[in-house]
Structure formats: structure tokens, C-alpha cells
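# Predicted structure and sequence below. I'll ask about it afterward.
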Amino acid sequence: MNPETAESPFIRACRRLPVPHTPVWYMRQAGRSLPEYRAVRADVPMLTACATPDLIVEITMQPVRRYGVDAAIFFSDIVVPLKAIGIDLDIKPGVGPVVAAPVRDAAGAAALRPLEPGDVPYVTEAMRALVKELGPTPLIGFAGAPFTLASYLIEGGPSKNHDHTKAMMYGEPALWHALMERLTDLTVAYLRLQVDAGASAVQLFDSWVGAVAPADYREFVLPYTGRIFAALADLDVPRIHFGVGTGELLGLLGEAGADVVGVDWRVPLDEAARRVGPGKALQGNLDPAILLAPWEAVEGRAADILARGRAAEGHVFNLGHGVLPSTDPAQLARLTDYVHETSAS
Ligand code: CP3
């Protein structure tokens, strides 16, 4: 990592070092809330955009230019590496990832072959270009975590109750573990490739793992998230672990080994710090829906989050989940300035 990037507020906060101001970025900062995003995506399907380096660079840069956030997140999607190894899937507007042949048996799991750098040349190319364009601003690479990827693969699309996923987890544990092993290998390879290409931090999105009870997380998920973070330890980049609805899992998410635990809006950060335990930074956790209310409502909540964030050994300000498409970009611009100014004083 370039030495200036290593000294950036975002990387320093992830490493629990003193910072001049609390760093801030937003999950889904690049996307449908931005008119300039909608303009470049107008005639381009999502997965085509994710495979086009010029577009990846442009969309990744849009929120950095507009808001002056402390980190860029690579424009892509968690299903991109699955598509790259030959899984027939698409991202349907307003729906999300849809898999043509849901994975429900050993043959389906065996079809998940290892990922090689040659499978995602557009990722490597776009990351190299971005690192140059971003200068000292850190670039966050990311991947979906095995549980969340498994849910899309097993259900065949987005799911409220994760019925088939849980049926496999509880009913066919050997098949479950075989599938999770393969997704773990894929995720490790994909994140290492991104760091090789210049990512200065990585975030593992286990968005839907909040559906799992703690004892089941320990048995069916922790072995894999634990292996992923261990396999990245030598890279010397901050590793962030995020999920939604994970209040009861925060201690286990910390145990999995990340440097930073992402917290959704349901648990105040001081309580999250207690649950996660020492030796971790926290990221979060403004309810993204608050940004749909007038600024006066946002300001008080943001102040509260900054205050509670001081209970953590390091704090990266973020939302508790992704930016909602109807968010007014002016709110995020104001919030970014507010976090910078308030935390610096
Ligand atoms: O700005 C960023 O955060 C980077 C880009 C990013 C996208 N997807 C772009 C995207 C990231 C980090 C993701 C990760 C992702 N994808 C997750 C984990 C994060 C989370 O929100 O929990 C998940 C669960 C997915 C799966 C997925 N892909 C969903 C649920 C959707 C939304 C479906 C919809 O249209 O409502 C997608 C599509 C997607 N990924 C879009 C974007 C900008 C919208 C597609 C479009 O603009 O047409």
C-alpha cells in the first residue's frame, strides 16, 4: 500500500490509531441515488457495467468526487466472481441476483470451480487504474461471504426466510459444508486478487447472516468466515466484516478475525463495542432511512453515533446498511462535511 494511503484517516481508524477526523464512507455510495450514476448506466445492464473497466472506474470515482468521502469502494457486485466461474446468473433491476439453476445437490456444489485471476481481468485492470486515479484515497475491495452467496445460489434469488438455505444447512450438513468450502476458497482467491491489484482494505459482506442463530453461526458459518480472515492476515490490509441484523452475532463476527466489525443501525456503537470486545475497530451505523428525513433529524443521530463511536478503539463512520436509491445526494454531502467537521473539533 502506498505510504500516504497507509497514513489516511480511514486506514488509521481501521488500525485503531489516532485520526485527525473520523473517516466516513457509505455502503452503496456508488449507485442509484446519484444522477451521474443513472446517466452512465442508462443503457448498460448491471453485469455488463461490472465487466467494463472504464465504467467501473468512473462509477467508483463518482461519490469520491461528489462527497469527498475517505474511501472509495470498488464498483461491482458480490455475484461477479460466481458469474466469472460460469454460474448462469443475472442481476435483475429492482430484484437483485437471480440464479438460473439453483444449487441444491452435490453436482451443483461441485460446479463451483476455483477462481483464477484470468477469470476477472476487468477487475484487475479497473483496480490498477483506480489506484492511480485515487492517489492517497484508499480503495476498498469486497466480496460476499459464503453464507450470503450460498443463500443466493441455493434459493436462486433474493429470499426473505432463506428456506432452502436453512433446509440444506440443517438437513444435509455434508452438502452444506462442501458448498461452504468451495465458496470460501473462491472468496479467499477473489479478495487476495483484489489486494494484489491495489485494494488497500477489504470488506466481507455477509448481508443476510443475521438470519442465523448464534449456535448455528458457530457450527455452520464461523469455520468459513474464520478461514477467510486467517487467509488474508499476511496481506497487511484492514479486513472489515459486515452483516445486517447481527446484534446477537457481533461477538462471533469479531471472533471470525476481522480488524473492523461493521454494525447495522439496531445496536448503538457503545453497546456494539462491548459485544465485539477489545482489539477491534467498529464501522457504522446510521440508519440509511434517516437520510430521507430533513437534515435536522439526521444531525442529532449523526452526533449521537460520533459520541458513542468514541467507545470503540477505532471508528469508521458509515450507514447501518446501503444508501437507499431515493436518498438526496445533498444529504450525504452535508453528512460527510458534518462528520469531518464535528469529529475534528
Ligand atoms: O457503492 C457500493 O457499495 C459498491 C457497489 C456494490 C453493489 N453491490 C452495486 C450494486 C456493492 C458493495 C454490492 C454488494 C452487494 N450486492 C451486496 C452486499 C451489500 C448489501 O447491500 O448488503 C448484496 C446483498 C448484493 C446483491 C444485490 N445486488 C442486491 C440486493 C441488489 C439490489 C437489487 C435492486 O435493484 O434493488 C444488487 C444490484 C446492485 N448492486 C445494484 C448496484 C448499484 C443496483 C443495480 C442497478 O443499479 O441497476
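Nice, thanks for sending it over.
# How about the residues of the stretch 151-300 of the chain by the ligand?
Contact residues (C-beta under 6 Å from any ligand atom) of the stretch 151-300 of the chain with the ligand: 205, 207. Using the backbone N, CA and C atoms, a C-beta is placed for each residue, glycine as well.
# contacting residues for residue 23?
With contact set as C-beta atoms under 8 Å, 6 or more residues apart in numbering, residue 23 has these partners: 8, 9, 10, 12, 13, 70, 71, 316, 317.
# Next, count neighbours for the last one.
It stands for residue 317. 30 (other C-beta atoms under 10 Å).
# Tally up the residues packed near the closest residue to the ligand within the stretch 101-250 of the chain, please.
Distances between the stretch 101-250 of the chain and the ligand by C-beta to the nearest ligand atom are smallest at residue 207, namely 3.1 Å. Using other C-beta under 10 Å, residue 207 is surrounded by 21 other residues.
# Dihedrals phi and psi, the nearest residue to residue 316 once chain neighbours are set aside?
Closest residue to residue 316 apart from its sequence neighbours, by C-beta to C-beta, 6 or more residues apart in numbering: residue 283 at 4.2 Å. Dihedral pair for residue 283: phi -130, psi 130, per degrees, to the nearest 10.
# I figured residue 283 was touching residue 261, is that so?
Yes. Contact criterion C-beta atoms under 8 Å: residue 283 and residue 261 qualify, at 7.1 Å.
# which of those two has more neighbours?
Using other C-beta under 10 Å, the more surrounded residue of residue 283 and residue 261 is residue 283, with 33 against 27.
# distance of that one from residue 112?
For residue 283, the distance to residue 112 (C-beta to C-beta, to the nearest Å) stands at 29 Å.
# shouldn't residue 120 be in contact with residue 81?
Yes. Using C-beta under 8 Å, residue 120 is in contact with residue 81, at 6.6 Å.
# Can you check which residues contact both of those two?
residue 190.
# Can you tell me the closest non-neighbouring residue to residue 277?
Leaving out its chain neighbours, the residue that sits closest to residue 277 by C-beta to C-beta, 6+ apart is residue 254, at 5.6 Å.
# Helix or strand: which one has the one you found?
In the assignment (DSSP states H and E), residue 254 maps to helix 250-255.
# in that helix, what's buried?
250, 252, 253, 254, 255 (16 or more other C-beta atoms under 10 Å).
# low-scoring stretches of this protein, by residue?
Scanning the chain for pLDDT under 70 picks out nothing.
# got the residue ranges for the strands in it?
72-73, 89-92, 96-99, 139-144, 201-205, 239-242, 260-262, 281-286, 315-319 (DSSP state E).
# so how far is the shortest one from its chain's centroid?
From the chain centre to the centre of strand 72-73 is a distance of 10 Å (C-alpha atoms, centre = their mean, to the nearest Å).
# is any part of it close to the ligand?
Yes. Strand 72-73 is in contact with the ligand by C-beta under 6 Å from any ligand atom, via residue 73.
# still on that earlier bit, pretty sure the residue of the stretch 101-250 of the chain closest to the ligand contacts residue 147?
No. Judged on C-beta under 8 Å, residue 207 makes no contact with residue 147 at a distance of 9.1 Å.
# all helices of the stretch 1-150 of the chain, in order?
For the stretch 1-150 of the chain, applying DSSP state H, counting those that start in this stretch gives helices covering 3-6, 9-14, 35-41, 46-49, 53-67, 80-84, 106-110, 121-134, 146-155.
# any chance of those in a markdown table, plus mean neighbour count?
A markdown table is the format used below for the helices of the stretch 1-150 of the chain (neighbours: other C-beta atoms under 10 Å):
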| stretch | mean neighbour count |
| --- | --- |
| helix 3-6 | 14 |
| helix 9-14 | 24 |
| helix 35-41 | 14 |
| helix 46-49 | 16 |
| helix 53-67 | 20 |
| helix 80-84 | 22 |
| helix 106-110 | 14 |
| helix 121-134 | 19 |
| helix 146-155 | 26 |
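# can I get those helices in TSV with distance to residue 23?
Formatted as TSV, the helices of the stretch 1-150 of the chain follow (distance: least, C-beta to C-beta, whole Å):
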stretch	distance to residue 23
helix 3-6	12
helix 9-14	4
helix 35-41	22
helix 46-49	27
helix 53-67	12
helix 80-84	26
helix 106-110	39
helix 121-134	14
helix 146-155	25
